[in-house]
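Provide a 3D model corresponding to the input given below.
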Amino acid sequence: MSSLLYRGGCSCLSWAGRRARVVAACRWKGGRAAEPLNKPLKQWTLIVSPQSRLCVELPCSVRVSSQDPFAYPHADRVFVTVSGVDRNVHRGLDLDNIEVKYEESSRQVVIHSRDIDSHTCVEVTTPVRFDVNIKTSGTGSVNIKKIECDNCHIETEKGDSVLQSVKSHAVNIRTDGGKVSCLGTVYGNVNIYAAAQSSVKIEKLQGTSINICTEDGTLKAKYLYTESSSISSASGDIRLGSVHGASLARNYMAGEKEESLSI
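Residues are numbered from 1 along each chain as shown. Modelled structure (predicted):
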């Protein structure tokens, strides 16, 4: 166990009971009290095959969470809600430009739009076990909570990525300017790349292999449980708490502080 600090130089079901939760969930980005609240504008219920995949490409924020398996024991429903502020009469046109469908042949739920308002929030509720592939543009953030899957893939531009209590065989996250946060325990072989000033903050990762790389942003990890890990930064600070397993931590702007750990 080690504690280290590296510093560098450089059809529809009932939604009556869900509306309040959806509105609150889509405000995680932190709006001001004076700003109008997001409200549900359009909703879908999709019939899916178990262990399917979610594929999302949007210029807005996306939130994914799992359903209560006792409420939906057949794991054959996916609920999609678009929430936002009804700013003008053209809102209806924006919503018409979002594609939401289930492709039976490829077993994937597709949610796609290039024109939807960037202030919109899309919330998706899936069965507990469901693969996730999400790409957002602009400031679109991604929040994934309590999902089990074989593959969890996230790409953002300036938006933040938040994973909470996720179990996956492989977790891949890339951001070009947003923050990456892993809350609770995230299980799986993890690869995180945070470009520019993007920072990474980890509570606990547990997997066979963990690779985390930042450019100029700070990298903080409280607990790492892994057979092997590589932690690196071009010029940002690296702060490690408890590391269990073989680990290599390096800062390329401070070569003399490069260190190899075997615990």
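
who does S232 bridge with?
C213, R250 (DSSP bridges).

Make 25 the starting number, not 1.
Will do, 25 is the new start, and the previous item becomes S256.

for it, what are its contacts?
Listed by C-beta atoms under 8 Å, 6 or more residues apart in numbering, the contact partners of S256 are 236-238, 262, 272-276. (C-beta placed from N, C-alpha, C; glycine too.)

pretty sure A245 is touching H268, no?
No. In this structure, A245 sits apart from H268 without contact. The criterion is C-beta atoms under 8 Å, and the distance is 11.6 Å.

out of the two, which sits in the more crowded spot?
A245 (25 against 16; other C-beta atoms under 10 Å).

Could you find the closest non-adjacent residue to the more buried one?
Nearest residue to A245 in three dimensions, chain neighbours excluded: I226, at 3.9 Å (C-beta to C-beta, 6 or more residues apart in numbering).

so which strand or helix has that neighbour?
Assigned by DSSP states H and E, I226 belongs to strand 224-238.

chain center to stretch 65-76, what's the gap?
Relative to the mean C-alpha coordinate of its chain, stretch 65-76 is positioned 19 Å out (C-alpha atoms, centre = their mean, to the nearest Å).

actually stretch 78-88, sorry about that
Shown here is stretch 78-88, whose average C-alpha point lies 9 Å from the average C-alpha point of the whole chain (C-alpha atoms, centre = their mean).

and that stretch, what's its mean pLDDT?
When the per-residue pLDDT values of stretch 78-88 are averaged, the result is 98.

how long is it from one end to the other?
From its first residue to its last, stretch 78-88 covers 9 Å (C-alpha to C-alpha, to the nearest Å).

can you check stretch 252-270 too?
Counting by C-alpha to C-alpha, the length from the leading to the trailing residue of stretch 252-270 is 5 Å.

repeat for stretch 134-143
Between the opening and closing residues of stretch 134-143 there is a gap of 20 Å (C-alpha to C-alpha).

all strands of the stretch 125-274 of the chain, in order?
Using DSSP state E, counting those that start in this stretch, the strands of the stretch 125-274 of the chain run over 132-136, 145-150, 155-160, 166-169, 172-180, 185-188, 191-199, 204-218, 224-238, 243-257, 262-275.

Which of the ones you listed comes out lowest on mean pLDDT?
Note on the strands of the stretch 125-274 of the chain: lowest mean pLDDT is at strand 262-275, with a mean of 84.

Show me what T180 bridges to in the sheet.
Where T180 sits in a bridge, its partners, by DSSP bridges, are T199.

burial measure for it, as a count.
Using other C-beta under 10 Å, T180 has 27 other residues around it.

Test my guess that it contacts N167.
No. With contacts defined as C-beta under 8 Å, T180 does not count as touching N167, sitting 11.0 Å away.

check which helix or strand covers T105.
Using DSSP H and E, T105 sits within strand 101-108.

which secondary structure elements does that strand contact?
Based on contacts counted as 3 or more C-beta pairs under 8 Å, 6 or more residues apart in numbering; DSSP states H and E, the elements that strand 101-108 packs against are helix 43-49, strand 63-71, strand 132-136, strand 145-150.

With respect to burial, which of these scores highest?
Per-residue neighbour counts averaged over each of those give the maximum for strand 145-150, namely a mean of 25 (mean count of other C-beta atoms under 10 Å).

This completes my enquiry, with thanks.
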